[in-house]
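Q: give me a model of this one.
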Amino acid sequence: MTKRLFIFILLSLIFASLTAAYAADLWGEVLKDGRYYRLLDPEGNVLLETARRIFPRDQYLTAENRLYEVTKVDDENLTASAVLKEEVELKVFPWAELKRELAASLAEAEEGKKGKISLYHTHNAESYVPTDGADSINGRGGIHKVGMAFANALSALGIDVDYSEKMHLPHDRGAYRRSRETVLELLAKKPDAIFDVHRDAAPQSAYALQLGSEWITRIQFVVGRQNQNLGINRKYAQSMKKIADELYPGLVKGIFFGRGNYNQDLSPLSLLLEVGAHTNSRDAAERGIGLFSEVVDLYFYGPAAEAASGQDKTARRSITSLLFFVGLGLAIFYIINAGGFQPAWAGLKDLFRKRLR
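A: Below you'll find the model as predicted:
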């Protein structure tokens, strides 16, 4: 092989690897300067406005639980088309049941004590223009104050909170690779769930919701569809939305199933939250995430969760009891066939002596 050919092949491999890395990370890029995609149904109605990149085969579950799938994306005009796939009837899958489905071990909480919830921010600079004066602040942006409001609300409900404010700047497509280390650190402490707290970019009306006399921001879930936990992530996200729909109708505006993994391949009970948009006030976002904390508490530590946990403990006790009685029955059968306890005991001793020779 000539030196020139070797250099050409080497440069080709480097170019191919860089291209693959670029394509792999492209899903993690969000539009800047207040720009956003508009997802449209066949009649031209707006289903979703988001700064997240949209790709063909992405899906969106609307507030009305209608699941759409993206068929075409126009990146130049920042629009995407989608068709209705199905009307989804949500149900609640208890978290203990989801973990059993993955054969994951459940951390036993102390009697009467709630577990741990972990929080972090992949995009630390995200902020809210009406309150923070800019959509992005180099350093800890307004999203950190929303994260702290979330942590405080969960703590007030008796939940142990592990809130990481570790930085993953700059706000680019590589941020998810940098935040992956943070996720692993948080998971090492065995939380019940982990939330990556963000804000979106969209018109103010896309997230604004009036509940009584107060304005809050709605919350959107983002689930990465390129990870081995997608089936569990989907059940988990839809369970949370089902509870939110019953507790605070309209609080969860939808679920975006997008290309990528958002580090959700590391844990089945990991969820990305969009808490309002850059056009909403941070105060409204803090009120919205405060209400969402009640949804988290109800899902993980409410009556349904307790019932599922109780069923799990009952099942373990039943299996232990069954094994005990089976063993007892075998012992009685052996004693009877040996002609009594003394002959049975002598037979066992003889058997052990033979095995030890």
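Q: can you list the low-confidence ranges for the stretch 201-350 of the chain?
A: Counting by pLDDT under 70, the stretch 201-350 of the chain has low-confidence residues at 304-350.
Q: what sits against Pro268?
A: Counting by C-beta atoms under 8 Å, 6 or more residues apart in numbering, Pro268 makes contact with 98-99, 102, 104, 229, 232-233, 236. For the C-beta atoms, the positions are set from N, CA and C on the backbone; glycine is no exception.
Q: mind doing that once more with 6 Å?
A: By C-beta atoms under 6 Å, 6 or more residues apart in numbering, the residues touching Pro268 are 102, 229, 232.
Q: restricted to helices, list those residues.
A: Using DSSP state H, the members of the contacts of Pro268 that fall in helices are Ile232.
Q: ignoring the adjacent residues along the chain, who's closest to Gln220?
A: Glu274 (4.1 Å; C-beta to C-beta, 6 or more residues apart in numbering).
Q: same question for Asn138.
A: Ala125 (6.0 Å).
Q: quick check: the one you found touching Gly141?
A: Yes: if you go by C-beta atoms under 6 Å, Ala125 and Gly141 touch, sitting 4.5 Å apart.
Q: how about low-confidence regions in the stretch 51-200 of the chain?
A: 104-112.
Q: in it, which spans are helices?
A: Counting by DSSP state H, counting those that start in this stretch, the stretch 51-200 of the chain has these helices, from start to end: 95-101, 129-132, 142-156, 175-187.
Q: and stretch 135-145, what's buried?
A: 135-137, 140-145 (16 or more other C-beta atoms under 10 Å).
Q: ok, of those residues, which one's closest to Ala63?
A: Ile143 (22.9 Å; C-beta to C-beta).
Q: mind checking how far the closest one is from Phe150?
A: 10 Å (C-beta to C-beta, to the nearest Å).
Q: repeat for Asp196
A: Taking C-beta to C-beta, one finds Asp196 at 11 Å from Phe150.
Q: what residues are shared contacts of the two?
A: Counting by C-beta under 6 Å, 6+ apart, nothing touches both Asp196 and Phe150.
Q: now Leu47, nearest residue through space, not along the chain?
A: Leu39 (4.6 Å).
Q: for that neighbour, give me its contacts.
A: If you count contacts by C-beta under 6 Å, 6+ apart, then Leu39 has 47-48, 80, 82 around it.
Q: and the closest residue in space to Val70 that isn't next to it in sequence, how many neighbours?
A: In space, and not counting its chain neighbours, Val70 is closest to Asp58: 4.5 Å by C-beta to C-beta, 6+ apart. Each residue near Asp58 was counted by other C-beta atoms under 10 Å, and the total is 23.
Q: tell me which residues touch Asp58, please.
A: Applying C-beta under 6 Å, 6+ apart, the residues contacting Asp58 are 70, 258-259.
Q: can you list those residues in CSV and add distance to Arg282?
A: Shown next, in CSV, are the contacts of Asp58 (distance: C-beta to C-beta, whole Å):
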residue, distance to Arg282
Val70, 31
Gly258, 25
Arg259, 29
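Q: CSV for the residues you listed, including distance to Glu43 and neighbour count?
A: Formatted as CSV, those follow (distance: C-beta to C-beta, whole Å; neighbours: other C-beta atoms under 10 Å):
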residue, distance to Glu43, neighbour count
Val70, 16, 23
Gly258, 23, 25
Arg259, 25, 18
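Q: from these, which land in strands?
A: 70, 258 (DSSP state E).
Q: just give me the closest of the contacts of Asp58 to Ser293.
A: Using C-beta to C-beta, Gly258 comes nearest to Ser293 of the contacts of Asp58, at 24.6 Å.
Q: pull the distance from stretch 244-253 to the chain's centre.
A: 18 Å (C-alpha atoms, centre = their mean, to the nearest Å).
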